[in-house]
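> Structure here, sequence nowhere to be found:
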């Protein structure tokens with residue numbers, strides 16, 4: 001069976017591998033396709049497409065938007081967006097500007113609370129070409145010897161209830177869906193069971209996003225067990241949504257998760273899910289390798 005991975009991060013956001021290294025790994029793993037879905041950026045896609053040229057491996061252009069709903073982080077995946085469009089990149093820069101403001105504020109809080117000499121400019125130099133996230137802050141704190149592990153960094157300083165946390169600006173999932181749809185892409189709700197929503201709240205979220213144009217939901221996810229995947233599949237059927245699947249691979253930043261196969265090789269995502277995704281996508285947006 002041909003297998004794929006539709007949720008993968010590179011060093012352009014909070015993964016550890018370059019897009020070209022992801023292509024090499026995907027080929028060695030035997031994947032037929034993977035989607036590069038970095039947080040709030042498409043900067044690594046062209047590198048991945050070039051690296052995969054003439055290899056038979058498909059690189060699906062994607063993105064993962066970070067948004068807020070009911071005071072929780074909600075992630076929306078977008079596939080086959082016309083990411084070269086000037087208007088798309090202009091709007092995307094607005095998302096990144098809001099992220100930069102938040103990153104500055106969190107670095108300021110960490111310095112004031114701990115005295116650690118952290119700054120957004122310093123992080124940008126330490127992690128060149130990356131869209132800086134809390135994962136980068138955690139990595140820096142560990143590598144500079146201020147905390148022992150990234151988990152401790154989140155528990156003490158960076159997590160949602162920690163001392164230096166700053167909430168994201170209120171970019172809504174509807175905003176992300178609108179942007180994806182307006183540039184020919186397919187919007188998909190990522191990892192819907194990770195948001196600590198009640199079933200009533202989850203149904204409310206999906207209902208509102210479906211009205212905004214949501215087209216898919218990530219059911220085959222690295223952390224979903226059998227009953228959990230079955231529940232998300234039932235949501236997909238109830239709301240008429242496509243099903244996607246992914247490992248949420250981050251390289252050494254999530255070392256227990258392997259590309260394509262997840263934790264302890266427990267994940268297998270059939271190519272048929274990508275074929276169904278393509279049926280919802282304008283042919284002009286395909287970027288075959």
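Received, thanks. Note that this is a predicted model, so its numbers are computed, not measured. Residues are numbered from 1 along each chain as shown.
> what residue ranges in the stretch 1-150 of the chain score low on pLDDT?
Within the stretch 1-150 of the chain, no range satisfies pLDDT under 70.
> Quick one: the helices in it, in order.
19-29, 45-52, 86-114, 120-126, 134-143, 150-153 (DSSP state H, counting those that start in this stretch).
> Just the buried positions in the third one, please.
Residues of helix 86-114 classed as buried by neighbour count (16 or more other CB atoms under 10 Å): 88, 92, 95, 98, 99, 102, 103, 106, 107, 109, 110, 114. All C-beta spots, glycine's among them, are computed from the backbone N, C-alpha and C.
> relative to helix 134-143, how tilted is it?
With axes from the mean of the first three to the mean of the last three CA atoms, to 10 degrees defining the directions, helix 86-114 sits at 40 degrees from helix 134-143.
> Which elements pack onto helix 86-114?
Applying 3 or more CB pairs under 8 Å, 6 or more residues apart in numbering; DSSP states H and E, we find helix 86-114 packed against helix 120-126, helix 134-143, helix 173-182.
> From the chain's centroid, how far away is that helix?
17 Å (CA atoms, centre = their mean, to the nearest Å).
> one step back: to residue 233, which of the helices of the stretch 1-150 of the chain lies closest?
Evaluated over the helices of the stretch 1-150 of the chain, closeness to residue 233 peaks at helix 19-29, with 24.9 Å, by CB to CB.
> And the closest one, what's buried?
Those buried within helix 19-29 under the rule 16+ other CB under 10 Å are 19, 21, 22, 23, 25, 26.
> Now distance to residue 176 too, for the helices of the stretch 1-150 of the chain, in TSV please.
Output for the helices of the stretch 1-150 of the chain, formatted as TSV (distance: least, CB to CB, whole Å):
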stretch	distance to residue 176
helix 19-29	22
helix 45-52	17
helix 86-114	8
helix 120-126	23
helix 134-143	19
helix 150-153	26
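> Looking at the ones you listed, spot the one closest to residue 183.
helix 86-114 (4.5 Å).
> what's the angle from the closest one to helix 173-182?
Using the same axes, to 10 degrees: helix 86-114 against helix 173-182 is 150 degrees.
> Let me see the domain layout of the protein.
4-85+173-285, 93-158 (automatic domain parsing).
> residues near residue 168, how many?
15 (other CB atoms under 10 Å).
> excluding its backbone neighbours, what's nearest it?
Counting by CB to CB, 6 or more residues apart in numbering, the nearest residue to residue 168 once its immediate chain neighbours are dropped is residue 68, at 5.4 Å.
> name the helices or strands packed onto the longest strand along the chain?
Identified as the longest strand of the chain according to DSSP state E is strand 58-69. Counting contacts by 3+ CB pairs under 8 Å, 6+ apart, strand 58-69 packs against strand 4-8, strand 33-36, helix 45-52, strand 72-79, helix 173-182, helix 271-279.
> if you set the cut-off to 7 Å instead, what comes out?
strand 33-36, helix 45-52, strand 72-79, helix 173-182 (3 or more CB pairs under 7 Å, 6 or more residues apart in numbering; DSSP states H and E).
> can you list contacts of it?
6, 32-40, 42, 45, 48-49, 52, 73-81, 83, 95, 168, 170-173, 175-176, 190, 205, 274, 287-289 (CB atoms under 7 Å, 6 or more residues apart in numbering).
> Only the buried subset of these, as a ChimeraX command please.
Entered in ChimeraX, the line below selects the buried ones among those, by 16+ other CB under 10 Å:
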select :6,32,33,34,35,36,37,38,39,40,42,45,48,49,52,74,75,76,77,78,79,80,81,83,95,171,172,173,175,176,190,205,274,287,289
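> rewinding a little: ok, which of the helices of the stretch 1-150 of the chain comes nearest residue 222?
Using CB to CB, the nearest of the helices of the stretch 1-150 of the chain to residue 222 is helix 19-29, at 14.5 Å.
> list the helices and strands the closest one packs on?
Using 3+ CB pairs under 7 Å, 6+ apart: helix 19-29 touches strand 33-36, helix 45-52.
> What is the distance between the shortest one and the centre of its chain?
Relative to the mean C-alpha coordinate of its chain, strand 33-36 is positioned 12 Å out (CA atoms, centre = their mean).
> All set now, cheers.
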